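Chemist: Provide a 3D model corresponding to the input given below.
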Amino acid sequence: MSSEYAEFRFIPARDLCLSRLNVRQSTSEECIAQLAELIAAEGVLQNLNVYEDRPSESRTMHAVVAGGRRLRALNLLIEQKRIAPDYPVPCMIVSHERAVQISLSENSGREPMHPADEFEAFRQLIDAGQSVEDVAARFGVTPLVVQRRLKLANVSPKLIELYRQSELTLEHLMALAVTVDHARQEQVWAGLRAYERTPQAIRRALTEHEVPARSPLARFVGIKAYEKAGGVVRRDLFEDTEGARLDGELVRRLATEKLEKQAKRLKSEGLAWVEVRPEFDYAARANYGRVGTTLRARNSEEQSRLDALQTNREELQEQIEASDAETTEYDTLLAQLEDVDEQINALEAQCTVPDAEQQALAGAVVCIGHDGKARVERDLLRREDAERFEHARQEPERVPRREVPRQHSSTLTERLTAERTLALQATLVQQPMMAAVALTHRLVLSTFYATALSGESAVQIEVGATLVERHASELAGTPAQEALAAHRKRHEDMLPEDPQELLLWIAALSGGDLLALLAYCVAVTVDGVQRDEGPSRADGLAKAVKLDMHGWWKPTAANYFRSIPKSQILAVIEEAVSAPAAARVTKLKKEALVQEAERQLADKSWLPTTLRAPA
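Modeler: Residues are numbered from 1 along each chain as shown. Have a look, this model is predicted:
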């Protein structure tokens, strides 16, 4: 047979087999099933390329070198008994010599159909009178796939052309398809900057007057009540099953009506005012103040209890100073002192009450919480009311703490955290950009999360004394204190004497000088002093600036060892030096042990857990 030989013939499907020379070795079962549906509907539209292959003298087979997917689809239809084994298949018989060349040419030169061509074709079939189910069955896909393709066909032809030119993606088309308004689609696409053209931004712009059915607002109203009021639910085929969207104006009206009923009950309680705000986010909440607190006078029982606790505290202090730190009695007295301190703090907290004058003007806002349920925000002050009061500086809210074994007394913990705070300030001063980050963080908290109003300044940022100042005499001469003092002196020498000139003077500074000045002013407001061991509100900032206390603090007799019991000193020596080193000094008296611990740890890199980097 000549190498150029080719003959067209219909061959029964049972006499065809896949050639080992076919270069396509893999394909998906899903593609075969889809192709089988097309063949069942339209027949084999393109001939196969085969050559004669004789497995036996009695039977001639034809091996397929181009059309392997069609052959697999035919075999699937035979297996499903949808066509007979002798189904006639159009074939071009070629020589064995040309088989590999033909197989390679057909599979290499094939280009898949562009998705835009596919959904345009689906639309033409539907326009011709076929149902979604018919088109799905013909192409071997689900009806949902067809519906989604038809939805994409509703996108503006101008935007589809951009898709063909790869100027936008399929995800962009899916977002644009949330509306059938071509003009609106084109307007949103043109109105977004290149870097803003994300599918999320497009969908958000096209649905700005709608609310998601899964939003707290919609869940509060309920789909049944919404539809009963005439609302239409629009579902996005390209989002999940909860991707329905509702008319925002109607949902807000229904939510307001529902909240008004609860507001009416609140007004009967005698509140100065009650407002209904279905959506009460942080920005809206920032327009209200919170009722301040004040210390009420203690009653006779509370005063008697406080006097007794303070007397007990003084007695314990005297016993601790007189006791031998080598005994277990010393540790017991320290624990008792801690317990008394906690009782005193609890008693003082018990006397903190809302300011009566502010309470008289306070009201409430009825809103919807993140859980989709009604929530009442009480003890709020309107802006005009809040500005009538001067808010006393309150102790910052403590960070929620996990239970941790106590290793140091409250007094020592406060001094250690004061050391850490001062070092954190000195570290932050050296990182102006991080100081700007910390200031921005503070401003964002005030802008988006604040619940109190204060001050008459155009820029409402308060700078007050920190707890570090209580320990100024103890911290004098430390590396951190000296570093901060040097920074302050440098800035003081530069600043104008007349504060009226300050703003223009600052405006004229270079970027580096401005950041350096900002860094100092931000750094000295940092306050991480606390009496409790465990997590601190300063931990996040310490991590951000990579605070390393090894460069700022070393344990000495004065700043550490005299304030802990003998057993703990020995544990420190064992951890920092060695167990034998601790064993050799076990019998020393307290003061001698304190001096020995300072000597042995002078060149060691050891820190108590309170000063170590947060986990």
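
Chemist: can you list the domains in this structure?
Modeler: Structural domains annotated on the chain: 6-108, 274-386, 410-551, 561-611, as defined by automatic domain parsing.

Chemist: relative to the whole chain's centre, how far out is the longest one?
Modeler: Average the C-alpha atoms of domain 410-551, do the same for its chain, and the two points are 27 Å apart (CA atoms, centre = their mean, to the nearest Å).

Chemist: mean confidence for it?
Modeler: The predicted model gives domain 410-551 an average pLDDT of 75.

Chemist: can you give me the end-to-end distance of that domain?
Modeler: According to CA to CA, to the nearest Å, domain 410-551 extends 24 Å from its N-terminal end residue to its C-terminal end residue.

Chemist: same check on the second one?
Modeler: With CA to CA as the measure, domain 274-386 spans 16 Å from end to end.

Chemist: pLDDT on that domain, on average?
Modeler: Domain 274-386 shows a mean pLDDT of 80 in the predicted model.

Chemist: how far does it sit from its chain's centre?
Modeler: In this view, domain 274-386 has its centroid 31 Å away from the chain centroid, taken as CA atoms, centre = their mean.

Chemist: helix, strand, or coil at Arg375?
Modeler: For Arg375, the secondary-structure state derived from DSSP: H, G, I helix; E, B strand; the rest coil is strand.

Chemist: now the phi/psi pair for Leu380, please.
Modeler: The main-chain torsion angles of Leu380 are listed as degrees, to the nearest 10 and equal phi -100, psi 150.

Chemist: which residues does it contact?
Modeler: Shown in contact with Leu380 (CB atoms under 8 Å, 6 or more residues apart in numbering): 288-291, 362-365. Every residue, glycine included, has its C-beta placed from N, CA and C.

Chemist: phi first, then psi, for the nearest residue to it once chain neighbours are set aside.
Modeler: Taking CB to CB, 6 or more residues apart in numbering as the measure, Leu380 lies nearest to Tyr288, with 4.4 Å between them; neighbours along the chain are not counted. Torsion angles at Tyr288 (phi, psi; degrees, to the nearest 10) stand at phi -120, psi 150.

Chemist: so Asn49 sits in a strand?
Modeler: Yes. Under the criterion used here (three-state DSSP), Asn49 sits inside a strand.

Chemist: and it, what pLDDT?
Modeler: At Asn49 the predicted local distance difference test score is 86.

Chemist: before we move on, the earlier item: nearest to Ser605, of the contacts of Leu380?
Modeler: Distance to Ser605 across those (CB to CB) is lowest for Arg290, with 45.8 Å.

Chemist: these two touch, right, that closest one and Arg382?
Modeler: No. At 11.7 Å, Arg290 and Arg382 do not qualify as touching, with contact defined as CB atoms under 8 Å.

Chemist: pretty sure Phe8 belongs to a strand, no?
Modeler: Yes. With three-state DSSP as the criterion, Phe8 is located in a strand.

Chemist: on that earlier part again, need the domains of the chain in TSV (columns: distance to Ile202).
Modeler: Compiled in TSV, the domains of the chain are given as follows (distance: least, CB to CB, whole Å):
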stretch	distance to Ile202
domain 6-108	30
domain 274-386	23
domain 410-551	26
domain 561-611	51
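
Chemist: Leu41 in helix, strand or coil?
Modeler: Heads up, residue 41 is Ala, not Leu. helix.

Chemist: neighbours around it, how many?
Modeler: Under the neighbour criterion other CB atoms under 10 Å, Ala41 is assigned a count of 13.

Chemist: next one: the one 4 residues further on
Modeler: Residue crowding around Leu45 was assessed by other CB under 10 Å; the count is 9.

Chemist: quick one: secondary structure of it?
Modeler: For Leu45, the assignment made with three-state DSSP gives coil.
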